[in-house]
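>>> sequence plus the predicted model coming up.
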Amino acid sequence: MRNMTKPKKDVREIIINSSREIFARFGFRKTTMDEIAQASHKAKSSIYHYFKSKEEIFQAIVEKESQLLKAELTKAINDEDTPQKKLYAYVIKRMHSLRRLVNFYSAIRDEYLEHYSFIEKLREKHDKEEAKIVKEILNKGIEKGIYSIKDLEITAFAIITALKGLEFSWAVESDVPRIEKNIDDLLEILLYGIVKR
């Protein structure tokens, strides 16, 4: 008789996928293992067979959402042909993705999660990847003679810092055309300055 049990990887994916919405709705603190078990249609003891703790499930979810974000950003950038369009696509896709990938956004934003070592590592990795993406786009602009940038590191840092400072207000804003106009204005200031020419 054939073994009808699902492979361990498939069961892990079921738990991760069904838990994403629970964590997104209630947040890390308020989500319980009982809710995770109920959402994934598994006994709590079965959940513990695949994950040692709620933290481990959340880590798996956040890592999955991090990979989704990276794939979406890469595609958005690669679909454009000029550095200006690539930067704009990066910023727009980043904002739209963070609105959807609630658990990842919580992991990089919420202060109460800072003491978890996996969150600290995730934030460091995310910051490095963001800096690399923005610097590559700006560098292409320099090579093509579009941008004149004295310090690539500081310019990339300024763009990322500005985005982080505004992402919360953009995340709660429902008027998408208004967000896109704000992003246009921000990029205009950051890349072309405020000096009258």
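Received, thanks.

>>> so what does the lengthiest helix in the chain touch, helix or strand wise?
In terms of residue count, the longest helix belonging to the chain (DSSP state H) is helix 117-143. For helix 117-143, the packing partners by 3 or more Cβ pairs under 8 Å, 6 or more residues apart in numbering; DSSP states H and E come out as helix 54-78, helix 83-100, helix 102-109, helix 152-172. To be clear about C-beta, it is placed using only N, CA and C from the backbone, and glycine gets the same treatment.

>>> which other helices and strands does the shortest one contact?
Which is helix 102-109. Using 3+ Cβ pairs under 8 Å, 6+ apart, helix 102-109 is in contact with helix 8-30, helix 54-78, helix 83-100, helix 117-143.

>>> quick one: stretch 119-130 to chain centroid distance?
10 Å (Cα atoms, centre = their mean, to the nearest Å).

>>> go through it and flag the buried ones.
Buried positions in stretch 119-130, judged by neighbour count with 16 or more other Cβ atoms under 10 Å: 119, 122, 126, 130.

>>> in JSON lines: the helices and strands packed on helix 117-143, plus mean neighbour count.
Below are those laid out as JSON lines (neighbours: other Cβ atoms under 10 Å):
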{"stretch": "helix 54-78", "mean neighbour count": "17"}
{"stretch": "helix 83-100", "mean neighbour count": "19"}
{"stretch": "helix 102-109", "mean neighbour count": "20"}
{"stretch": "helix 152-172", "mean neighbour count": "15"}
